[in-house]
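Chemist: Next comes the sequence, and after it the predicted model I'd like to discuss.
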Amino acid sequence: MWIPKPIYDHAPSFWLLLGLLFLTGGIYLEFPDALRVAYFVFAAFCCGHAVWTFLARRRFRRQPEQGSLREPAEPVESPES
(Lines give C-alpha, C1' and ligand atoms only; values in the text may rest on other atoms or scores of the structure.)
Protein backbone atom coordinates (compact mmCIF):
# COMPACT_ATOMS: atom_id res chain seq x y z
CA MET A 1 0.00 0.00 0.00
CA TRP A 2 1.35 3.40 -0.97
CA ILE A 3 1.01 6.39 1.36
CA PRO A 4 2.27 9.92 0.73
CA LYS A 5 5.86 10.62 1.83
CA PRO A 6 5.00 13.30 4.43
CA ILE A 7 2.62 10.93 6.19
CA TYR A 8 5.14 8.07 5.98
CA ASP A 9 7.94 10.20 7.39
CA HIS A 10 5.89 11.49 10.33
CA ALA A 11 4.22 8.22 11.32
CA PRO A 12 6.62 7.44 14.24
CA SER A 13 6.06 10.95 15.61
CA PHE A 14 2.31 10.43 15.43
CA TRP A 15 2.51 7.13 17.34
CA LEU A 16 4.75 8.68 19.99
CA LEU A 17 2.44 11.68 20.41
CA LEU A 18 -0.59 9.40 20.64
CA GLY A 19 1.15 7.29 23.28
CA LEU A 20 2.09 10.34 25.33
CA LEU A 21 -1.46 11.68 25.11
CA PHE A 22 -2.89 8.41 26.38
CA LEU A 23 -0.28 8.30 29.14
CA THR A 24 -1.15 11.80 30.35
CA GLY A 25 -4.86 11.01 29.98
CA GLY A 26 -4.45 7.94 32.18
CA ILE A 27 -2.63 9.97 34.81
CA TYR A 28 -4.74 13.12 34.95
CA LEU A 29 -8.27 12.02 34.08
CA GLU A 30 -10.53 10.53 36.74
CA PHE A 31 -11.22 7.08 35.27
CA PRO A 32 -12.02 3.78 36.99
CA ASP A 33 -8.97 1.58 37.53
CA ALA A 34 -9.72 -0.81 34.65
CA LEU A 35 -9.97 1.99 32.12
CA ARG A 36 -6.85 3.63 33.51
CA VAL A 37 -4.92 0.38 33.04
CA ALA A 38 -6.23 0.15 29.47
CA TYR A 39 -4.97 3.69 28.83
CA PHE A 40 -1.52 2.77 30.15
CA VAL A 41 -1.36 -0.43 28.09
CA PHE A 42 -2.37 1.40 24.92
CA ALA A 43 0.12 4.18 25.69
CA ALA A 44 2.91 1.62 26.09
CA PHE A 45 1.91 -0.04 22.82
CA CYS A 46 1.91 3.27 20.92
CA CYS A 47 5.27 4.40 22.31
CA GLY A 48 6.81 0.97 21.68
CA HIS A 49 5.49 0.94 18.13
CA ALA A 50 6.99 4.40 17.52
CA VAL A 51 10.41 3.32 18.78
CA TRP A 52 10.28 0.03 16.82
CA THR A 53 9.33 1.84 13.59
CA PHE A 54 12.09 4.43 14.06
CA LEU A 55 14.75 1.78 14.72
CA ALA A 56 13.59 -0.43 11.84
CA ARG A 57 13.78 2.48 9.41
CA ARG A 58 17.20 3.51 10.66
CA ARG A 59 18.49 -0.07 10.36
CA PHE A 60 17.07 -0.40 6.82
CA ARG A 61 18.50 2.93 5.66
CA ARG A 62 21.99 2.07 6.92
CA GLN A 63 22.18 -1.20 4.96
CA PRO A 64 24.35 -1.10 1.87
CA GLU A 65 22.36 -1.53 -1.30
CA GLN A 66 22.25 -5.12 -2.54
CA GLY A 67 23.18 -5.59 -6.17
CA SER A 68 24.99 -2.30 -6.43
CA LEU A 69 27.28 -2.03 -9.44
CA ARG A 70 29.60 0.50 -7.81
CA GLU A 71 31.95 -2.01 -6.20
CA PRO A 72 32.11 -5.66 -7.21
CA ALA A 73 31.84 -8.22 -4.42
CA GLU A 74 34.94 -10.07 -5.67
CA PRO A 75 37.87 -8.69 -7.62
CA VAL A 76 37.46 -9.29 -11.32
CA GLU A 77 40.49 -10.70 -13.05
CA SER A 78 41.10 -9.57 -16.58
CA PRO A 79 41.81 -12.30 -19.11
CA GLU A 80 45.38 -12.28 -20.36
CA SER A 81 45.81 -11.99 -24.10
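Modeler: That came through, no problem. No experiment lies behind these values; they were computed from the predicted model shown.

Chemist: use CA for all of it now, contacts and neighbours both
Modeler: OK.

Chemist: buried sites along stretch 40-49?
Modeler: Using 16 or more other CA atoms under 10 Å as the burial criterion, the residues of stretch 40-49 that qualify are 40, 42-44, 46-49.

Chemist: which ones among those are found in helices?
Modeler: In helices, defined here by DSSP state H, the members of those are 40, 42-44, 46-49.

Chemist: Of the residues you listed, just say which sits nearest to Trp2.
Modeler: In terms of CA to CA, no member of these lies closer to Trp2 than His49, at 19.7 Å.

Chemist: give the contact list for that closest one.
Modeler: Contact analysis of His49 by CA atoms under 8 Å, 6 or more residues apart in numbering lists 12, 15-16.

Chemist: how about a cut-off of 7 Å?
Modeler: Residues near His49 by CA atoms under 7 Å, 6 or more residues apart in numbering: Trp15.

Chemist: what about it, distance to Phe42?
Modeler: In this structure, His49 and Phe42 are 10 Å apart, going by CA to CA, to the nearest Å.

Chemist: ditto for Asp33
Modeler: 14 Å.

Chemist: Gln63 too?
Modeler: From Gln63 over to Phe42 the distance is 32 Å, taken as CA to CA.

Chemist: Gly25 too?
Modeler: Going from Gly25 to Phe42 by CA to CA gives 11 Å.

Chemist: Equivalent analysis for Lys5, please.
Modeler: The gap separating Lys5 from Phe42 is 26 Å, by CA to CA.

Chemist: For the residue most central in space within the chain, pull up the helix or strand it's in.
Modeler: When the chain is reduced to its mean C-alpha position, the closest residue under CA atoms, centre = their mean turns out to be Thr53, at 1.1 Å. Thr53 belongs to helix 33-62 when elements are defined using DSSP states H and E.

Chemist: So what's the model's average confidence on that helix?
Modeler: Per-residue pLDDT values across helix 33-62 average out to 93.

Chemist: Run the chain-centre distance for stretch 20-39.
Modeler: Stretch 20-39 has its C-alpha centroid displaced from the chain centroid by 25 Å (CA atoms, centre = their mean, to the nearest Å).
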